[in-house]
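1. here is a sequence together with a model predicted from it:
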Amino acid sequence: MEALVLEQKGVLSLREIDLPLELGPDDVKIRINTVGVCGSDVHYYTHGAIGPFVLREPMVLGHEAAGTVVEVGENVQTLAVGDRVCMEPGIPNLSSRASKLGIYNVDPSVRFWATPPIHGVLTPFVVHPAAFTYKLPDNVSFAEGAMVEPFAIGMQAAARARISPGDVAVVIGCGPIGIMVALAALAGGCSRVYVSDFSADKLAIAGRYQGIIPVNIGERALKDVVHADTDGWGADVVFEASGSPKAYNGLFDLVRPGGALVMVGLPVDPVTFDVSGAIAKEVRIETVFRYANIFDRALQLIASGKVDLKPLITDTFNFNDSIKAFERAASARPTDVKLQILMEGEGN
Ligand code: ZN
């Protein structure tokens with residue numbers, strides 16, 4: 001099949017590649033419609049590795065996908081040919097201890113699309129377990145379906161925060177994941193969410209959503225804004241979504257006593273932070289790695305109209321132009337939130 005292949009760091013090609021397409025009894029075969037370009041795909045392209053995951057042989061990119069079921073395995077009861085679906089890109093071992101505990105996202109044996117050596121889905125067809133394939137509600141487009149994966153990370157963060165109705169939250173970092181976290185926090189009951197960044201362009205996009213208050217930290221200290229607006233008490237929840245070590249300086253000044261810090265952004269190198277600052281306020285610290293048991297609920301929220309991800313889709317490229325899409329993504333325009341790739345001959 002033709003696919004977008006990352007040959008080695010910095011080298012992409014659209015070419016034929018052998019990909020397994022045997023349909024097991026619990027699998028479905030999906031014709032891919034839309035694939036989002038993710039920061040991790042771009043990072044493999046520009047750096048050839050993310051932490052311990054190192055590209056050693058050519059790999060197909062793409063893991064944020066939606067499409068149409070074209071074939072179902074003999075045991076599959078929940079899906080039928082013609083169903084529009086999106087897919088969870090990680091396939092855990094269902095017999096693993098992590099899966100049995102419901103934390104299959106941290107199953108050490110999970111096979112995750114476009115994470116070396118597992119191929120991604122920038123290719124016309126894929127075979128996937130029905131258990132990790134989710135039917136799109138009729139009013140959810142393929143483009144929105146391909147946004148469920150990054151939104152699920154925001155949902156996982158909001159779930160970890162254990163938000164109470166009316167909570168005030170802070171999100172550090174206004175990249176695609178920061179915005180997803182802010183939208184999930186609002187959907188989860190936050191009354192308002194401060195989102196901080198240095199980029200006025202990124203903040204302007206986030207600030208279009210009701211309930212999000214952009215804070216340009218090139219102009220104002222985040223701590224000053226949060227303290228002024230909370231009578232010096234601090235935010236109920238702080239989400240770290242930038243991955244920048246600098247974000248950890250003075251981080252606990254932002255959190256109210258007994259509040260929560262949720263770490264979402266993945267720093268490249270080890271980070272030190274103020275342990276006594278956290279202990280003095282008895283801050284609850286949570287971490288987020290991907291998501292588990294989130295996709296169906298994310299789809300329900302999108303279908304309800306409570307969360308609108310469409311304004312975050314900046315541009316759509318045809319599959320034939322997918323190398324251009326990656327070059328554009330690697331150039332990191334601050335006005336680009338999500339770029340998507342539409343497979344040939346598909347309508348959105
Ligand atoms: Zn992603």
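-> Okay, I see it. Residues are numbered from 1 along each chain as shown.
2. domain parsing of the chain, as residue ranges.
-> 2-147+309-342, 153-287 (automatic domain parsing).
3. what about the longest one, distance to the chain center?
-> Remark: domain 2-147+309-342 is offset 12 Å from the chain centroid, using CA atoms, centre = their mean, to the nearest Å.
4. okay, how far is it across that domain, tip to tip?
-> Domain 2-147+309-342 has an end-to-end distance of 14 Å (CA to CA, to the nearest Å).
5. what mean pLDDT does it get?
-> Average pLDDT, domain 2-147+309-342: 97.
6. how much space is there between the residue in the chain positioned nearest to the ion and residue 240?
-> Proximity of the chain to the ion (CB to the ion) peaks at residue 38, 3.1 Å away. Any C-beta I mention is one placed from the backbone N, CA and C, and that applies to glycine too. Relative to residue 240, residue 38 is positioned 19 Å away (criterion: CB to CB, to the nearest Å).
7. look at these two and report which has more neighbours.
-> Higher neighbour count among residue 38 and residue 240: residue 240, with 27 against 23, using other CB atoms under 10 Å.
8. residues in contact with the more buried one?
-> By CB atoms under 8 Å, 6 or more residues apart in numbering, residue 240 lies in contact with 172-173, 247-248, 251, 261-265.
9. just list whatever residues bridge to it.
-> Beta-bridge pairing of residue 240 under DSSP bridges involves residue 172, residue 263.
10. how near is it to residue 165?
-> 23 Å.
11. try residue 107
-> 33 Å.
12. comparing those two, which shows the higher neighbour count?
-> Taking neighbours as other CB under 10 Å, residue 107 and residue 165 compare with residue 107 leading, 21 against 8.
13. ok, the more buried one - contacts?
-> Here residue 107 is in contact with 92-93, 96, 98-99 (CB under 8 Å, 6+ apart).
14. which element is residue 70 on?
-> strand 64-72 (DSSP states H and E).
15. actually residue 289, not the one I wrote
-> If you go by DSSP H and E, residue 289 is not part of any helix or strand.
16. what residues does the stretch 201-348 of the chain put near the ion?
-> Not one residue of the stretch 201-348 of the chain sits near the ion, judged by CB under 5 Å from the ion.
17. for the stretch 201-348 of the chain, give me the ranges with low pLDDT.
-> Across the stretch 201-348 of the chain, the ranges flagged by pLDDT under 70 are 346-348.
18. just checking: what are the partner strands of the host helix or strand of residue 28?
-> Per DSSP H and E, residue 28 falls inside strand 27-36. According to DSSP bridges, strand 27-36 forms sheet pairs with strand 64-72 (antiparallel), strand 125-129 (antiparallel), strand 338-342 (antiparallel).
19. now tabulate those strands in a markdown table and tack on mean neighbour count and distance to residue 42.
-> As requested, the strands paired with strand 27-36 are arranged in a markdown table below (neighbours: other CB atoms under 10 Å; distance: least, CB to CB, whole Å):
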| stretch | mean neighbour count | distance to residue 42 |
| --- | --- | --- |
| strand 64-72 | 23 | 12 |
| strand 125-129 | 19 | 21 |
| strand 338-342 | 23 | 9 |
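20. and these as JSON lines, adding distance to residue 56?
-> Below are those laid out as JSON lines (distance: least, CB to CB, whole Å):
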{"stretch": "strand 64-72", "distance to residue 56": "23"}
{"stretch": "strand 125-129", "distance to residue 56": "22"}
{"stretch": "strand 338-342", "distance to residue 56": "25"}
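21. what sits closest to the residue positioned nearest the centre of the chain if chain neighbours are left out?
-> With distances taken as CA atoms, centre = their mean, residue 150 lies nearest the centre of the chain, 2.1 Å away. Of all residues not flanking residue 150 in the chain, residue 180 sits nearest, at 5.3 Å (CB to CB, 6 or more residues apart in numbering).
22. quick one: that neighbour and residue 154 touch, right?
-> Yes. Look at residue 180 against residue 154 with CB atoms under 8 Å: they come within range, at 3.3 Å.
23. I'd assumed residue 243 was in contact with residue 266.
-> Yes. Counting by CB under 8 Å, residue 266 touches residue 243, with 5.2 Å between them.
24. so what's the residue nearest to the centre of the chain up against?
-> Counted by CB under 8 Å, 6+ apart, residue 150 has contacts 36, 38, 64, 176-177, 180, 338.
25. ramachandran coordinates for residue 277?
-> Backbone torsions of residue 277, given as degrees, to the nearest 10, read phi -60, psi -40.
26. for it, what are its contacts?
-> Shown in contact with residue 277 (CB under 8 Å, 6+ apart): 251-253.
27. how does it look with 6 Å?
-> Applying CB atoms under 6 Å, 6 or more residues apart in numbering, we find residue 277 in contact with residue 252.
28. more crowded one of residue 266 and residue 243?
-> More crowded of residue 266 and residue 243, by other CB under 10 Å: residue 243, with 19 against 15.
29. assign that one to helix, strand or coil.
-> Put simply, residue 243 is coil when judged by DSSP: H, G, I helix; E, B strand; the rest coil.
30. other SSEs contacting the helix or strand where residue 46 lies?
-> Per DSSP H and E: residue 46 is located in helix 39-47. Applying 3 or more CB pairs under 6 Å, 6 or more residues apart in numbering; DSSP states H and E, we find helix 39-47 packed against helix 322-330.
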